[in-house]
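Novice: Mind looking at a prediction? Sequence and model below.
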Amino acid sequence: MSVVVVGVDGSPGSIAALRFALEEARLRQATLRVVNAWSPPPFDLSAPGALLPEILDAMQAAGEQTVDDGLAEATGGAPVGVEIERVVQEGATAQTLVDNCGDATLLVVGSRGRGGFSGLLLGSVSQQAAQHAPCPVTIVHPPRD
């Protein structure tokens, strides 16, 4: 079975990408792999208690919630009609997406996510994904208000 991978960070662009990816997965009769990557905030590693397991657990839980919230927003709570895999991992976003595309037939990303300059057409993640993914990449722009 084929796999469509989509990156979700909760931004309007990622929700638009998720909607597009859901439809592509339906059309291709593919599994949809919804990926969220997170990175811990910078810490002074010499400080007592730096990178406490509770902080990492909370960040993992927040990533899982972002995926669940994104799916709920993209589907309106309706059945999706495709198998969904949820992947929430610590790591750099672009690399995590590329790493999850080994068996993918398509990677879908939003054109702008949570960071950077809003005037740019492509964000660094979408640009890196387009350059490094081992499969075709679709970059979805968020709807205009």
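Specialist: Structure's in. What do you need? Please read these numbers as outputs of a predicted model, since none were measured by experiment.

Novice: from here on, contacts and neighbour counts on C-alpha atoms
Specialist: Will do.

Novice: helices and strands around the lowest-mean-pLDDT helix or strand in the chain, which ones?
Specialist: In the chain, no helix or strand scores lower on mean pLDDT, DSSP states H and E than helix 124-132, which sits at a mean of 90. If you count contacts as 3 or more CA pairs under 8 Å, 6 or more residues apart in numbering; DSSP states H and E, helix 124-132 packs onto helix 93-99, strand 137-140.

Novice: Ok, which of these comes nearest residue 77?
Specialist: Of all the helices and strands packed on helix 124-132, the one in closest proximity to residue 77, counting by CA to CA, is strand 137-140 (21.8 Å).

Novice: just to revisit the earlier point, can you pull the buried residues of the least confident helix or strand of the chain?
Specialist: Within helix 124-132, the residues that qualify as buried are 124-130, counting by 16 or more other CA atoms under 10 Å.

Novice: Could you find the two of those residues that are most distant from each other?
Specialist: 124 and 130 (9.9 Å).

Novice: rewinding a little: show me the contact partners of the least confident helix or strand of the chain.
Specialist: 93-95, 97-98, 109-112, 136-137, 139 (CA atoms under 8 Å, 6 or more residues apart in numbering).

Novice: Restrict the residues you listed to the buried ones and give me that as a PyMOL selection.
Specialist: Selection of buried members from the contacts of helix 124-132 for PyMOL, criterion 16+ other CA under 10 Å:
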select buried, resi 93+94+97+98+109+110+111+112+137+139
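
Novice: Among the contacts of helix 124-132, which pair sits farthest apart?
Specialist: Most distant of these, by CA to CA, are 112 and 136, 18.4 Å apart.

Novice: Looking at the buried residues of helix 124-132, which one is closest to residue 84?
Specialist: Closest to residue 84, out of all of these and judged by CA to CA, is residue 129, at 21.1 Å.

Novice: ok, residue 108 touching residue 135?
Specialist: No. Using CA atoms under 8 Å, residue 108 is not in contact with residue 135; the gap is 10.2 Å.

Novice: in the protein, which helix has the most residues?
Specialist: helix 53-75 (DSSP state H).
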